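Trainee: return a 3D structure for these sequence lines:
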Amino acid sequence: MKACKDAVVKHSEHAELTPRQQRFVVEYCVDLNATAAYARAGYRARGNSAEVSACRLLRNAKVQEAIEQKQNEVAKRCELTTENIVREASAVAFSDIRRLFNPDGSPKPIHEIDDATAAPSHRSKSARWSLTAR
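Mentor: Residues are numbered from 1 along each chain as shown. Now for the predicted structure:
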């Protein structure tokens, strides 16, 4: 919870946003559920008015800008880039699943799985794959 409070303080440069809007931005970035974020930010609503109000908040240009900035901060902190994601996905897609099992078909204990199989994207440079978009 402390991280969320710190994140609200970081968004104080968005002076145009109210404290609840700032909180909504932080909560929305948790699970991308606008209705739940609306409630967690402290707004009160009955029935489907929470959905409607949350949708209205998402259409607010200042809120959109703050959400985009927050998501970019998180992506940068986690080093999430399209290149990294594609590299990891291709490493998993092209890995040999047979290396995870014993000859009898039973799964190998985790301590018996070699490093190259456990972390496919960290395999040797000679085993790199490339993807071509069509």
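Trainee: which residue is most remote from the mean position of the chain?
Mentor: Centroid-distance maximum for the chain: Asp104 at 37.7 Å, with C-alpha atoms, centre = their mean.
Trainee: distance of it relative to Cys29?
Mentor: The gap separating Asp104 from Cys29 is 46 Å, by C-beta to C-beta, to the nearest Å. (Each C-beta comes from the backbone N, C-alpha and C, glycine too.)
Trainee: and Arg99, by the same measure?
Mentor: In terms of C-beta to C-beta, Arg99 sits 37 Å off from Cys29.
Trainee: neighbour count: those two, which is higher?
Mentor: Legend: neighbour count by other C-beta atoms under 10 Å for Arg99 and Cys29, higher for Cys29 (17 against 13).
Trainee: hmm, Glu68 and that one touching each other?
Mentor: No - look at Cys29 against Glu68 with C-beta atoms under 8 Å: they stay out of range, at 10.1 Å.
Trainee: which parts of this structure are helices?
Mentor: 2-10, 19-31, 34-40, 49-59, 61-78, 82-93, 115-118 (DSSP state H).
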